[in-house]
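**Student:** give me a 3D structure for the following:
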Amino acid sequence: MNTQQPRLAWWIIRWALLALAIPGASHSALADAPRLGPFELPKPRQLTVFNDQQSFDPTEALNGSFTTEKACSDIPYGLWVEVDGQGDCIRYYPHALADGENQKVLVYFGGDVMLRSAKGVRFITESYMRQSPATIATDMAEWAQKAGHPVIFMARPGIYGSSGDHNNRRQPREIALMGHALDLIKQRHRVSSFILSGHSAGGQIVAGLLNKRDDVSSVVITSGLVSVKQVSDFWERRRKLPGKLLYDASGFYDLIEEIDKITTEPRPDIYIISDPEDRVVPFFSQLYYVRRLRAAGFEPHHIYAQATDRQRHLLAQHGRLAAALLAQGQSQVDIRRAVNEMDLEQFK
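**Tutor:** Here you go, the predicted structure:
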């Protein structure tokens with residue numbers, strides 16, 4: 001059987017549904033915020049250069065953006081990165097980087113900001129619309145103070161000031177863009193090693209980079225999308241509108257398949273922080289990743305924590321705390337204790 005046939009059939013079905021879609025689905029009467037209907041195509045716009053207190057634009061995050069290499073050179077901490085013959089401007093937000101050599105730098109990758117309703121309508125989280133370069137700078141200053149080392153917030157493609165399309169997340173190209181961006185940062189700021197922290201889908205990026213790099217000393221992944229196929233199958237059985245009609249999951253990068261590529265000289269410290277009641281990324285999928293790491297000869301530290309949001313998913317602060325303590329050289333016992341104390345403090 002021709003392996004291209006299932007993919008071709010998927011595109012035919014999708015385009016047929018797109019042609020039948022009701023115009024104006026993005027302007028739901030139920031919501032003031034911008035929306036994209038299940039089969040609406042994004043309408044990319046020129047990349048906005050967000051400054052200081054200017055909140056990030058949800059419409060741009062929904063539709064994606066583009067720019068030129070020349071324009072990117074004028075953006076604060078913008079990196080022109082080319083993958084598969086296409087360039088994007090990847091923006092990063094550093095704090096406490098030295099002018100000369102930076103031996104150890106902590107880097108954070110956030111989760112998705114685009115969600116789907118039960119009927120497949122796409123929308124941007126309220127928390128994203130409250131964010132700006134100034135709020136990121138405040139967070140990074142606090143993180144750097146805790147860690148005692150330079151830190152960076154990395155803006156994923158299509159959000160937080162980077163060009164690209166957030167609709168195309170989970171793809172190998174997103175991992176490649178982030179990897180090449182780290183290469184440029186390493187060269188520009190003379191970085192020797194990285195400690196990577198990633199939350200949710202940002203955890204997929206961190207684990208993917210761990211598979212491909214030898215300059216990552218430690219990773220901390222919270223509520224991580226680290227078994228993409230399992231999670232896709234899980235949600236496929238629970239949606240009113242089949243996910244297969246909305247996106248082609250066969251193209252997602254499944255990092256589980258490349259665990260054997262993680263460097264062993266030296267072996268990186270790997271911390272996975274999970275809430276067993278996570279309603280977004282099922283706990284069993286995170287546990288599966290931990291078990292596959294152990295089967296491959298690694299010794300990941302799996303810490304159970306309790307998220308305070310209704311979905312029991314938001315553990316990014318736990319992860320940044322753990323990464324800061326790793327940068328200080330704290331033991332895994334101290335890190336476990338600190339994460340548990342953070343839980344206790346939240347519920348006082």
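**Student:** and the average pLDDT for stretch 328-348 is what?
**Tutor:** The average of the pLDDT scores along stretch 328-348 is 93.
**Student:** again but with stretch 45-54, I slipped
**Tutor:** The model assigns stretch 45-54 a mean pLDDT of 96.
**Student:** quick one: that stretch to chain centroid distance?
**Tutor:** 20 Å (CA atoms, centre = their mean, to the nearest Å).
**Student:** same question for stretch 125-139.
**Tutor:** With CA atoms, centre = their mean, you get 15 Å for stretch 125-139.
**Student:** also stretch 301-310?
**Tutor:** Centre-to-centre, stretch 301-310 and its host chain are 18 Å apart (CA atoms, centre = their mean).
**Student:** in it, what counts as buried?
**Tutor:** For stretch 301-310, the neighbour count (16 or more other CB atoms under 10 Å) marks 301, 302, 303, 305, 306, 307 as buried. Every C-beta, even on glycine, is put in place using the N, C-alpha and C of the backbone.
**Student:** so can I have CSV of these showing secondary structure?
**Tutor:** Below are the buried residues of stretch 301-310 laid out as CSV (DSSP: H, G, I helix; E, B strand; the rest coil):
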residue, secondary structure
301, strand
302, strand
303, strand
305, coil
306, coil
307, coil
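**Student:** farthest pair within those residues?
**Tutor:** The distance between the two most remote of these (CB to CB) is 18.3 Å, for 301 and 307.
**Student:** measure the closest residue to residue 293 other than its chain neighbours to residue 221 for me?
**Tutor:** Using CB to CB, 6 or more residues apart in numbering and skipping residues adjacent in sequence, the residue nearest residue 293 is residue 300, 4.6 Å away. Going from residue 300 to residue 221 by CB to CB, to the nearest Å gives 9 Å.
**Student:** these two: who's more crowded?
**Tutor:** Taking other CB atoms under 10 Å, residue 300 and residue 221 do not tie; residue 221 has more neighbours (32 against 19).
**Student:** tally of neighbours for the nearest residue to that one once chain neighbours are set aside?
**Tutor:** Distances taken as CB to CB, 6+ apart put residue 203 closest to residue 221, at 3.9 Å, once the chain neighbours are dropped. For residue 203, the count of nearby residues is 31 (other CB under 10 Å).
**Student:** for residue 203, give me its contacts.
**Tutor:** Residue 203 makes contact with 109, 111, 221, 222, 223, 224, 225, 226, according to CB atoms under 8 Å, 6 or more residues apart in numbering.
**Student:** between the buried residues of stretch 301-310, which is nearest residue 160?
**Tutor:** residue 307 (21.9 Å).
**Student:** the closest one against residue 319, yeah?
**Tutor:** No. Contact criterion CB atoms under 8 Å: residue 307 and residue 319 do not qualify, at 11.3 Å.
**Student:** returning to that earlier point: the residue nearest to residue 221 - that's part of a helix, no?
**Tutor:** Yes. Secondary structure of residue 203 (three-state DSSP): part of a helix.
**Student:** quick one: it from residue 319, how far?
**Tutor:** Taken as CB to CB, the span from residue 203 to residue 319 is 9 Å.
**Student:** quick check: neighbours shared by the two?
**Tutor:** With CB under 8 Å, 6+ apart, residue 203 and residue 319 have common neighbours 221, 222.
**Student:** give the other helices and strands that the helix or strand hosting residue 270 contacts.
**Tutor:** In this assignment (DSSP states H and E), residue 270 forms part of strand 269-274. For strand 269-274, the elements it packs on are strand 216-222, helix 283-295, strand 301-304, helix 316-327, helix 332-346, judged by 3 or more CB pairs under 8 Å, 6 or more residues apart in numbering; DSSP states H and E.
**Student:** I'd like these as JSON lines, with distance to residue 188 appended.
**Tutor:** Converted to JSON lines, those look like this (distance: least, CB to CB, whole Å):
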{"stretch": "strand 216-222", "distance to residue 188": "18"}
{"stretch": "helix 283-295", "distance to residue 188": "32"}
{"stretch": "strand 301-304", "distance to residue 188": "32"}
{"stretch": "helix 316-327", "distance to residue 188": "20"}
{"stretch": "helix 332-346", "distance to residue 188": "30"}
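**Student:** out of these, nearest to residue 95?
**Tutor:** Judging the helices and strands packed on strand 269-274 by CB to CB, what sits closest to residue 95 is helix 316-327, at 12.4 Å.
**Student:** do you know how far the residue minimising distance to the centre of the chain is from residue 107?
**Tutor:** By CA atoms, centre = their mean, the chain has its centre lying nearest to residue 202, at 2.2 Å. In this view, residue 202 and residue 107 are 10 Å apart by CB to CB.
**Student:** with residue 268 instead?
**Tutor:** 14 Å.
**Student:** likewise residue 304?
**Tutor:** Distance from residue 304 to residue 107, by CB to CB: 25 Å.
**Student:** repeat for residue 275
**Tutor:** From residue 275 to residue 107 the distance is 23 Å (CB to CB).
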